[in-house]
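1. no letters, just coordinates:
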């Protein structure tokens, strides 16, 4: 069935990451781990470059999962469901709370504005409440040089996170955030993909923070983390592609005035409340979403009778 011009085209497919590139066999040298991580990032590369809305959904799903993991580093217990509620159901201007602010940081990481440019220092400083901190300025200056260099992208990202942890050892979130932003800049991606925070182990972060030194063990740990993270991101995208195809197959049959609007949002956003679009009402949005759930195209993410959230 041909799709209406109101709806996006089907998302591009992607190859799988080979088993040997997934960082599971514990490579023993920086060269070996670099080959594995480079192969996994090469498979992720066309996904990171796609302009299809599903690329944004991928970034936001990764941001949610990583924020739930990182929330524990700042002493919070919220999981993905609680973070999703705090974010989607907040009103304009509401503070989503400490864990919700972590989610905000990682959602911001998946935006083009997270890439280094002339105003990057000020944006990062505002995000992390570090205005006027000369240590941040030194870290950002180093990250800009790494991102513009000619060497390996992953090596640049690893150097950024190590330098950040040396200068601001209490701000692990900043170090992980900058590493992914630097990687994306080096690879000329249109926006970063949240990666490192999902797979780097807390003990490995503590080791470099405590010692202030990075060597082969640190390169291997970060390289394995990037290999695992890139493979996991590709796997998640592969799960989202058939769901997007099912939605786009049903989309031309939808009669609501805001059907195209809602379909585009569902293809790019982690979770949506059934809110009115440009022409319809909250009620018509609920009918549309409930129909898509009944047809097995959409998921209701909360299990609640009220304050429901929907996602691909």
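-> Looks like it came in fine. Given the structure is predicted, the values throughout are model-derived calculations rather than measurements.
2. from here on, just use CA atoms for contacts and neighbour counts.
-> Will do.
3. what residues are up against residue 262?
-> Residue 262 makes contact with residue 277 under the criterion CA atoms under 8 Å, 6 or more residues apart in numbering.
4. tell me the average confidence for the helix or strand encompassing it?
-> If you go by DSSP states H and E, residue 262 is part of helix 259-268. Average pLDDT, helix 259-268: 91.
5. ok, then the element right after that helix?
-> With elements assigned by DSSP H and E, the helix or strand that comes after helix 259-268 is helix 282-294.
6. relative to helix 259-268, how tilted is the helix or strand hosting residue 59?
-> Here residue 59, judged by DSSP H and E, is contained in helix 53-71. Taking axes from the mean of the first three to the mean of the last three CA atoms, to 10 degrees, one finds that helix 53-71 is oriented at 50 degrees with respect to helix 259-268.
7. chain center to helix 53-71: distance?
-> Centroid displacement of helix 53-71 relative to its chain, using CA atoms, centre = their mean, to the nearest Å, is 4 Å.
8. could you list the low-pLDDT ranges of the stretch 51-200 of the chain?
-> 146-151 (pLDDT under 70).
9. helices of that one, start to end?
-> In the stretch 51-200 of the chain, the segments counted as helices under DSSP state H, counting those that start in this stretch are 53-71, 80-88, 97-109, 120-127, 134-147, 153-167, 172-187.
10. count of residues packed around the nearest residue to residue 61 once chain neighbours are set aside?
-> Nearest residue to residue 61 in three dimensions, chain neighbours excluded: residue 270, at 5.7 Å (CA to CA, 6 or more residues apart in numbering). Residue 270 has 23 neighbouring residues, counting by other CA atoms under 10 Å.
11. before we move on, what about the one 4 residues further on?
-> Applying other CA under 10 Å, we find 21 other residues in the vicinity of residue 274.
12. hang on, isn't it packed against residue 289?
-> Yes - contact criterion CA atoms under 8 Å: residue 274 and residue 289 qualify, at 7.0 Å.
13. overlap in contacts, these two.
-> In contact with both residue 274 and residue 289: residue 310, using CA under 8 Å, 6+ apart.
14. quick one, which of the helices of the stretch 51-200 of the chain is nearest to residue 261?
-> Closest to residue 261 of the helices of the stretch 51-200 of the chain is helix 53-71 (CA to CA; 12.3 Å).
15. contacts made by the closest one with the rest, please.
-> The list of residues contacting helix 53-71 from outside it, by CA under 8 Å, 6+ apart, reads 8, 11, 47-49, 77-80, 83-84, 99, 102-103, 106-107, 110, 173, 193-195, 197-198, 233, 236-237, 240-241, 244, 264, 267-270.
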